[in-house]
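Engineer: Could you work out the structure for the sequence below:
(2 chains)
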Amino acid sequence: MHGVREDEPHGEPEYDDAAIRFLEALWGEGYLSPGGPEEVDRILAGVSLMGRTVLDVGCGSGGITLDLVERHGASHATGFDVEAPVVIAARRRAWERGLSQRVEFVQAEPGRLPFRNESFDVVFSKDALLHVPDKDALFADLWRVLKPGGLLAASDWLIGHDGEPSGDMKAYVAAEGLSFSMASPARYRAAMEKAGFVDVYTVDRNAWYRDVARAELDRLKGPLYAKVAAAVGEPYVDKNIRTWEAMQKVLDSGEHRPTHLRGRKPG
Amino acid sequence: MTEGERVAVIDTRLLELIACPISKGPLVYDAARCELVSKSARLAYPVRDGIPIMLPSEARSLRDDPPER
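Structural biologist: Numbering: from 1, shown residues only, chains lettered A, B, ... in the order given. Model (predicted):
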C-alpha cells in the first residue's frame, strides 16, 4: 500500500506516497516539480501577491502553495489537486508550518473546477496542466474562476510542435508512465486567447531545464542515490534514472519545452 | 495530526469560493458531520482532515432526506 484509501474509487493514484518521497528528495520538501522557490519567483516575476487570493491548480504536496502565502504574501491560497495522497501531504505540511488558517486544500475530479465564478485574484500552476487533455476547456475554466482583472501565471511542460511525437518523445512519456497530454506553445496561446485572456505570452524554459535536468541526473546517479534509494528502494531510483535519461534526449532535441505562461482577464 | 485537528474548521472564505461540482451551486458546512452539503444536488461531500473531498463518488446521497423547500 502507498497510503491509498482502500475504497479509492479511481484506481491507483499516479502520484502515490513513493512518488512523493522520490520527487521531494530530488526537488525539495513539498516540491513535485523542478526549480525550487527560485523558479516560482521567476514564474511570478513582476507580480505582487501581497494581500491577494490565489488558486494553485495541481498543487501536489503543497510546498509551493504554502510559499505563495509565506514568501509572496498572498492573503489566502487554495491548493487544488485531483488525487488524495498529495493533498493529504499538503494539508499536513500546512499544519506543520502553522499556515492552516491561510491555506486550504481541495480534492476533486479532473474537469470543471469546484469553485465559483470570479473567485480568485490570481491563478497559479506549476507543471501540472499537461495532465489535462482539453486545453480549450482548461483555460476557459481558469478564466471563469478568475476575478475580472485577475492574472494567470503558470509554468507547464509543453511540446515543441503539435504533430506526431518523435520516437524519443514517445519513449520518454512511456518511461514516465504518467498521463501526459502535451501541446505546443502556439496551441496553449490559442486556447488562452480563445478563453478571453489578454496580454498573453509564453517564456521558453527549455534551455534552463536542459541544464538543470542534467544536474539532477548527475545527483541521482551520484551523491543523492543512497538517500533516495533509502526512501523508495533501489529499483525505483534505477527506473527513474532511465526516465531522466529518456527526458534528457528530448530536452536536448528541444521537443520537450518547459514554458512559462502569462495572461490577464480584462476587468 | 491530533484528534483535535481532525475536527476540521472549514474557513468561511473557502465556503465563499467552493461550488458543488454537480450543480455548480453553493455548499453549506455541516460541522457536526464534517460534510459540505449541496442542497441543490442533494449530496453531502466529506471533509477529511480538513480537506474537502469534492468527489460525487465519495459523497453521501441526501435523496432520502426531505427535499429543501
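Engineer: contacts and neighbour counts: CA atoms only from here.
Structural biologist: OK.
Engineer: Please report how far residue A:240 lies from chain B.
Structural biologist: Distance, residue A:240 to chain B, using C-alpha to the nearest C-alpha, to the nearest Å: 31 Å.
Engineer: same question but for residue A:253, I mixed them up
Structural biologist: 40 Å.
Engineer: Number of residues surrounding that residue?
Structural biologist: Using other C-alpha atoms under 10 Å in any protein chain shown, residue A:253 is surrounded by 15 other residues.
Engineer: hey, where'd the helices end up in the stretch 1-150 of chain A?
Structural biologist: Along the stretch 1-150 of chain A, the stretches classed as helices by DSSP state H, counting those that start in this stretch are A:17-27, A:36-43, A:63-70, A:84-96, A:135-145.
Engineer: my bad, should have said chain B
Structural biologist: B:3-6, B:12-17 (DSSP state H).
Engineer: pLDDT value on residue B:2, please?
Structural biologist: Here, the pLDDT recorded for residue B:2 equals 46.
Engineer: Go through chain A and flag its longest strand.
Structural biologist: strand A:146-159 (DSSP state E).
Engineer: What are the contacting residues of the very next helix or strand once past it?
Structural biologist: Remark: after strand A:146-159, the chain's next helix or strand is helix A:167-176, criterion DSSP states H and E. Contacts to helix A:167-176, defined as C-alpha atoms under 8 Å, 6 or more residues apart in numbering or on different chains, come from residues A:180, A:242, A:243, A:246, A:247, A:249, A:250, A:255, A:256.
Engineer: follow-up on the earlier one: so which of the helices of the stretch 1-150 of chain A is nearest residue A:200?
Structural biologist: Nearest to residue A:200, of all the helices of the stretch 1-150 of chain A, is helix A:135-145, at 11.9 Å by C-alpha to C-alpha.
Engineer: In the closest one, which of the residues would be classed as buried?
Structural biologist: For helix A:135-145, burial by neighbour count (16 or more other C-alpha atoms under 10 Å in any protein chain shown) applies to A:135, A:136, A:137, A:138, A:139, A:140, A:141, A:142, A:143, A:144, A:145.
Engineer: From these, pick the one nearest residue A:115.
Structural biologist: For the buried residues of helix A:135-145, the nearest to residue A:115 is residue A:145 (6.6 Å; C-alpha to C-alpha).
Engineer: State the distance from the closest one to residue A:121.
Structural biologist: Here residue A:145 is placed at a distance of 9 Å from residue A:121 (C-alpha to C-alpha, to the nearest Å).
Engineer: same check, this time on residue A:24
Structural biologist: 29 Å.
Engineer: More neighbours: those two, which one.
Structural biologist: Higher neighbour count among residue A:24 and residue A:121: residue A:121, with 22 against 19, using other C-alpha under 10 Å.
Engineer: which residue sits closest to the more buried one in space, ignoring its chain neighbours?
Structural biologist: residue A:150 (4.8 Å; C-alpha to C-alpha, 6 or more residues apart in numbering or on different chains).
Engineer: residues touching residue A:127, list them.
Structural biologist: Contacts of residue A:127 (C-alpha under 8 Å, 6+ apart): A:33, A:58, A:154, A:155, A:156, A:157.
Engineer: one more time with 10 Å
Structural biologist: A:32-34, A:57-60, A:154-158, A:258-260 (C-alpha atoms under 10 Å, 6 or more residues apart in numbering or on different chains).
Engineer: Give me the below-cutoff pLDDT ranges for chain B.
Structural biologist: Applying pLDDT under 70 to chain B picks out residues B:1-9, B:65-69.
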